[in-house]
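Chemist: Attaching a predicted model along with its sequence, questions to come.
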Amino acid sequence: MAISGLLGTTVEFYDFLVYGTVAALVFGDLFFPQADPAVGTIAAFGTFAAGYLARPLGGIVFGHFGDRIGRKSMMLLTMVLMGLGSFLIGLLPTYDAIGVWAPVLLVALRVVQGIAIGGEWGGAMLMVVEHAERTQGSRRGLWSSFTQLGAPLGSVLSAGVVTLVAGLPDDDFRSWGWRVPFLLSIVLLAVGLFVRLKVAESPLFAQAKREPVDKPPIVELLRRPKPVLLAACVGIGAFTTQSLLTSFMISYAVDEGYTRPQVLTAVTVASCVALAVLPAASALSDRVGRRPVVLAGAIASAALAFPVLALVDSGSPGLLILALALGHGVAQSTMYGPLGALLTEMFGTRVRYTGASLGYQAATLVGAGFSPLIAGSLLASYGGGSTPVSLLLCAGAAITAVTVWRLRETHTDALDSPAATPTLEGTPR
C-alpha cells in the first residue's frame with residue numbers, strides 16, 4: 001500500500017512540478033511574448049498560481065466523493081486528469097501559432113492539473129495511513145512519509161528530465177525540447193494506473209461507510225471551520241519554502257547569472273537530500289510527536305532564510321547547491337514530513353478526505369501559489385536584492401510555528417473515531 005502511495009504521488013507531483021520548472025525557463029516568452037521580461041515572468045507564474053487556486057476546489061470535490069463513495073476511485077480519477085492535462089500541455093501551440101488562445105488554453109489545462117492534484121494528496125495519504133492504522137498504528141508518521149516522498153521524488157524526476165532537455169541548443173529547447181517532459185506524462189500515467197488498480201479500499205472507510213450520514217462532509221466542516229483553518233496554517237511554512245526554493249529559485253538564480261543546468265542540478269541535489277530527511281523526520285514524529293518536529297523545521301527555515309539567499313547571491317554553483325540543500329532539503333522537509341500524518345489525525349473518518357485535503361490545499365494556495373508572484377513583484381518593485389525573498393520565507397515559517405505551538409498533540413490518537421476533530425492545546429477533545 002505504501003509503495004502504491006509513493007508511486008502514485010510521484011507521478012502526479014512530477015506532472016505538477018514540471019510545469020513550474022518549465023514556466024520559470026521559457027513560458028514567459030512562448031506564451032506571453034508581448035510583455036517585457038519581468039512582467040512575462042510574473043504572467044507565467046500567474047498560470048502557476050491558477051493551478052494552486054484550483055487545488056482547494058479539487059480537495060472539496062474529490063474529498064466529498066472520497067468520503068461518500070470511497071478513496072480508491074477518486075485516486076484513479078485524479079491520476080487520469082493529471083496525466084492527460086500534462087500531456088496536452090506538451091502538445092499546445094504557442095502564442096506565435098494561435099495568438100491569445102495559447103495562454104488561455106495553458107491556464108485552462110493548469111486549472112485541470114490543480115483540480116486533480118487537489119484531490120490526489122488526500123486520497124493517497126488516507127489510503128496509506130488508514131491501512132497502516134490496523135497493523136502499524138504507532139508508526140503512522142513513518143508510513144505516511146512514503147506518500148510525502150512523492151513530492152521530492154517527483155521534483156527529482158522533473159528537474160532531471162528538464163535538465164537533460166535544457167542542455168539542448170537554445171532554439172531546439174524553445175521549439176520542442178520543453179515539450180518532452182510533458183509528453184512523458186502519458187508513460188507515467190500508464191505505470192501509475194497499473195499500480196493503483198491493484199490497491200484495496202481503505203478498511204476504516206469501509207467500516208465508517210456503514211454508519212448513516214446526514215450532511216455532506218463540507219457542510220459539517222464549515223459548521224466548525226477552526227480545524228480546517230488550523231490545518232491550512234500549519235502547512236503554510238513548508239509550502240512557502242518549497243515554492244520559493246524550487247520553482248521561483250530557478251528563475252531567480254538564472255537572472256543572477258547561473259546557467260539552467262547549474263540551477264536544475266542544485267534543485268535535484270536538494271530534492272535528493274529531502275528523500276533522506278523527510279522519512280527520518282516523519283519517523284521521529286512517531287516517537288516525540290508531530291508538534292516538536294514541525295516546530296523545529298519552522299525555526300530552522302526562519303533561521304536559514306537570510307543565509308540561504310546570501311549563498312545563492314554569492315554566484316558560486318557549489319554554494320547554490322549548499323543553499324538549496326539546507327533550505328529545501330533539510331528545513332522544509334522537516335516541516336513537511338510529519339504533515340501528512342498530522343492532518344489525517346485532525347479529522348474523523350467520514351470527513352477526513354475533505355478536511356485533510358481542504359486544509360492541505362489551502363496551505364499550498366497561500367504558501368506555494370502566491371509566494372512566487374509576491375516575490376517576483378517585490379523584486380521588480382525594489383530593483384532586485386534577495387531581502388524580500390528571505391522575509392517571505394520567515395513569514396511562512398512564523399505562521400507554521402505559531403499554529404503548531406497552539407495545536408494539541410495527536411500522534412497517539414486512534415483514527416477510527418467517525419467525527420474526531422482537533423482542538424487547541426490544552427482543551428478537551
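Modeler: Yep, it's here.
Chemist: State the pLDDT value of the closest residue to residue 160 other than its chain neighbours.
Modeler: Closest residue in space to residue 160, ignoring its immediate chain neighbours: residue 268 at 5.9 Å, by C-beta to C-beta, 6 or more residues apart in numbering. From N, CA and C alone the C-beta is placed, and that goes for glycine too. Residue 268 is assigned a pLDDT of 87 by the prediction.
Chemist: And for residue 268, the neighbour number?
Modeler: Residues near residue 268, counting by other C-beta atoms under 10 Å, number 21.
Chemist: now do the one 5 residues further on
Modeler: The burial metric for residue 273, expressed as a neighbour count using other C-beta under 10 Å, is 19.
Chemist: That one - that's part of a helix, no?
Modeler: Yes: the assignment for residue 273 is a helix, going by DSSP: H, G, I helix; E, B strand; the rest coil.
Chemist: The residue nearest to residue 160: what's it in contact with?
Modeler: 155-156, 159-160, 163 (C-beta atoms under 8 Å, 6 or more residues apart in numbering).
Chemist: Could you give the average pLDDT over the helix or strand containing residue 64?
Modeler: Here residue 64 is covered by helix 37-68, with elements defined by DSSP states H and E. When pLDDT is averaged along helix 37-68, the result is 76.
Chemist: Report all helices and strands that the helix or strand just after that helix contacts.
Modeler: Proceeding N to C from helix 37-68, the next assigned helix or strand is helix 71-91, under DSSP H and E. Contacts of helix 71-91 with other secondary structure elements, assessed using 3 or more C-beta pairs under 8 Å, 6 or more residues apart in numbering; DSSP states H and E, are made with helix 2-22, helix 37-68, helix 101-136, helix 180-183, helix 185-196.
Chemist: Let me have those in TSV, adding distance to residue 345 and mean neighbour count as columns.
Modeler: As requested, the helices and strands packed on helix 71-91 are exported to TSV (distance: least, C-beta to C-beta, whole Å; neighbours: other C-beta atoms under 10 Å):
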stretch	distance to residue 345	mean neighbour count
helix 2-22	17	25
helix 37-68	16	23
helix 101-136	8	24
helix 180-183	35	20
helix 185-196	24	17
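Chemist: closest one to residue 337 among the ones you listed?
Modeler: Evaluated with C-beta to C-beta, these place helix 101-136 nearest to residue 337, the distance being 12.5 Å.
Chemist: what mean pLDDT does that closest one have?
Modeler: Over the span of helix 101-136, the pLDDT mean works out to 80.
Chemist: likewise stretch 403-412?
Modeler: Stretch 403-412 comes out at a mean pLDDT of 88.
Chemist: next structured bit after the host helix or strand of residue 144?
Modeler: Take DSSP H and E as the rule and residue 144 turns out to sit in helix 140-148. Next in sequence after helix 140-148, counting helices and strands by DSSP H and E, comes helix 150-166.
Chemist: For that next one, which residues meet the burial criterion?
Modeler: Residues 150-163, 165-166 are the ones in helix 150-166 that count as buried (16 or more other C-beta atoms under 10 Å).
Chemist: residues making contact with that helix?
Modeler: Around helix 150-166, the neighbours that count as contacts under C-beta under 8 Å, 6+ apart are 5-18, 21-22, 25, 124, 173, 177-178, 180-181, 184, 242, 246, 260-261, 264-265, 267-268, 271-272, 274-275, 278, 333, 336.
Chemist: Now residue 407, what are its backbone angles?
Modeler: When read as degrees, to the nearest 10, the backbone of residue 407 gives phi -80, psi 150.
Chemist: these two touch, right, it and residue 230?
Modeler: Yes: in this structure, residue 407 is within contact of residue 230 by C-beta atoms under 8 Å, at 6.3 Å.
Chemist: so where is this protein shaky, pLDDT-wise?
Modeler: Counting by pLDDT under 70, the chain contains low-confidence ranges at 1-5, 34-49, 132-138, 202-214, 384, 416-429.
Chemist: what number of residues lie near residue 299?
Modeler: Other residues near residue 299 number 18, with proximity taken as other C-beta under 10 Å.
Chemist: distance of it from residue 109?
Modeler: With distances taken as C-beta to C-beta, to the nearest Å, residue 299 is found 39 Å from residue 109.
Chemist: residues in contact with the residue nearest to residue 343 when sequence neighbours are not counted?
Modeler: Distance criterion C-beta to C-beta, 6+ apart; nearest residue to residue 343, sequence neighbours excluded, is residue 356 at 4.4 Å. Shown here is residue 356, whose contacts under the criterion C-beta under 8 Å, 6+ apart are 63, 122, 125-126, 231, 343-344, 346-347.
Chemist: one more time with 6 Å
Modeler: Applying C-beta atoms under 6 Å, 6 or more residues apart in numbering, one finds that residue 356 lies in contact with 122, 343-344, 347.
Chemist: Could you do residue 296 as well?
Modeler: Contacts here follow C-beta under 6 Å, 6+ apart; on that basis residue 296 touches residue 334.
Chemist: So it belongs to a strand, correct?
Modeler: No: with three-state DSSP as the criterion, residue 296 is helix rather than part of a strand.
Chemist: how close does it sit to residue 223?
Modeler: Residue 296 sits at a distance of 34 Å from residue 223 (criterion: C-beta to C-beta).
Chemist: Over to residue 368?
Modeler: Relative to residue 223, residue 368 is positioned 28 Å away (criterion: C-beta to C-beta).
Chemist: Between those two, which is the more surrounded one?
Modeler: Using other C-beta under 10 Å, the more surrounded residue of residue 368 and residue 223 is residue 368, with 28 against 8.
Chemist: So the more buried one versus residue 130, what's the distance?
Modeler: Shown here: residue 368 relative to residue 130, a distance of 26 Å by C-beta to C-beta.
Chemist: Likewise for residue 228?
Modeler: In this structure, residue 228 and residue 130 are separated by 19 Å, where distance is defined by C-beta to C-beta.
Chemist: Next: residue 10.
Modeler: With the distance defined as C-beta to C-beta, residue 10 ends up 20 Å from residue 130.
Chemist: Residue 106 now?
Modeler: Summarising the geometry, the distance separating residue 106 from residue 130, computed by C-beta to C-beta, is 37 Å.
Chemist: Same question for residue 320.
Modeler: Taking C-beta to C-beta, one finds residue 320 at 41 Å from residue 130.
Chemist: Can you report how many residues lie near residue 97?
Modeler: There are 10 residues near residue 97, going by other C-beta under 10 Å.
Chemist: Remind me which helix or strand it belongs to.
Modeler: Applying DSSP H and E, one finds residue 97 within helix 95-98.
Chemist: what comes into contact with that helix?
Modeler: 31, 33, 102.
Chemist: Residue 309 is in contact with residue 392, isn't it?
Modeler: No: counting by C-beta atoms under 6 Å, residue 309 sits too far from residue 392 to count as a contact (10.3 Å).
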